[in-house]
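I'll drop the sequence and a predicted model, then ask my questions.
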Number of protein chains: 2
Amino acid sequence: METVVENQKIRTAKKLEKMFGHIDYKNPPELCPVRDVMSVASDQWSTLILLWLGFFHVLRFNKLKKYVYGISNKVLSQRLKVLEADGYLKRKAYKEVPIRVEYSLTEFGQTYVEKLLELTEWMQTNSPKVLANREKYGLL
Amino acid sequence: METVVENQKIRTAKKLEKMFGHIDYKNPPELCPVRDVMSVASDQWSTLILLWLGFFHVLRFNKLKKYVYGISNKVLSQRLKVLEADGYLKRKAYKEVPIRVEYSLTEFGQTYVEKLLELTEWMQTNSPKVLANREKYGLL
DNA sequence: TTCATAAGGTTACTTTTTGTAACTTACTCT
DNA sequence: AGAGTAAGTTACAAAAAGTAACCTTATGAA
């Protein structure tokens, strides 16, 4: 039993070595694409935007704003631009009045949402544990 | 071929429905534990701290600071406190002079790091694509 | 014809979060 | 007595995020 956990720890460390081991830790973030890309894609607001798009497939600006509860116009529009630039979603504007704009995932974005979903499922499963830990810690 | 992708999209949306579908989107973030827990654990600095701990198993404050390149004392100590409170890592202080403090993952933290690692592997695989997208977008 | 409305933002201004760098503590070694 | 060391903390500056008012363009009602 113990060794199963230990072996898992070792496997994990090996993968991390593959990822970080060859990188000189003195490198600034600009030279680490993983950090760069990750900081955009796994930002809290970006995550919520992408997940809701994964759910609805197509959403307009104001609907998105409604579902990504608490986001401001400013941040929503800024994140949508960046996520579009990075290729996760596409924007389609119809020249009607008032203007209609539809956001949806690209195929690339869809694959990312699937990964993201796994993480979110972990969160869903484990958040009670975390909240319990937090409470226990509060008493110290 | 098309239908495979389509079916995947539908499966994803179904999972998302399970996660978000029953939540009234008008709920503030305080009432959504998933958002709450996730905003701590998948913060950029937290992620890096946990991954490096997954790699080294035990790290002292100043070593962590060295590997989590660019983090400030202030933010590092703040994140370590929160991650400890949430149960991802443990702090062990030795009453020597100068003081020695060792940080390591809890077993719970270890399971999270494994999930996180999958996401990071995705990033590693796909960051070239994102950088390419970004460049293409820049030309528009 | 003037006015209200609507979607999808943008802008100016305030508040919060981060970053920077100097300082603290407590004991040991010179 | 003074320097050095690890693990932080603190005061102040810079950057990011939140807030709320405003813009655009055209349609339909008054």
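Cool, got the structure.

Quick one: the helices in chain A, in order.
Secondary structure of chain A by DSSP state H: the helices cover A:2-16, A:33-41, A:44-56, A:61-67, A:73-85, A:107-139.

Which elements pack onto the longest one?
Right, helix A:107-139. Under the contact criterion of 3 or more C-beta pairs under 8 Å, 6 or more residues apart in numbering or on different chains; DSSP states H and E, helix A:107-139 touches helix A:44-56, helix B:2-16, helix B:33-41, helix B:73-85, helix B:107-138. (Each C-beta comes from the backbone N, C-alpha and C, glycine too.)

got the residues of chain A near DNA strand C?
Residues of chain A found near DNA strand C (C-beta under 7 Å from any atom of the strand) are A:60-63, A:73-74, A:77-78, A:80, A:91, A:97-102.

any idea which of those is least confident?
Lowest pLDDT among those: A:Val97, with 89.

residues contacting that one?
Going by C-beta atoms under 8 Å, 6 or more residues apart in numbering or on different chains, A:Val97 touches no other residue.

Also the one 10 residues further on?
With contacts defined as C-beta under 8 Å, 6+ apart, A:Glu107 is in contact with B:Val5.

I'd like to know how far it sits from B:Asn62.
Noted for A:Glu107: a distance of 44 Å to B:Asn62, by C-beta to C-beta, to the nearest Å.

what does A:Leu64 give?
Applying C-beta to C-beta to A:Leu64 and B:Asn62 gives a distance of 43 Å.

who's more crowded, these two?
A:Leu64 (20 against 10; other C-beta atoms under 10 Å in any protein chain shown).

Give me the pLDDT value at the closest residue in space to A:Gly87 that isn't next to it in sequence.
Distances taken as C-beta to C-beta, 6 or more residues apart in numbering or on different chains put B:Asn133 closest to A:Gly87, at 3.3 Å, once the chain neighbours are dropped. What the model reports for B:Asn133 is a pLDDT of 97.

I figured B:Asn133 hits A:Asp86, correct?
Yes. With contact defined as C-beta atoms under 8 Å, B:Asn133 and A:Asp86 form a contacting pair (5.6 Å).
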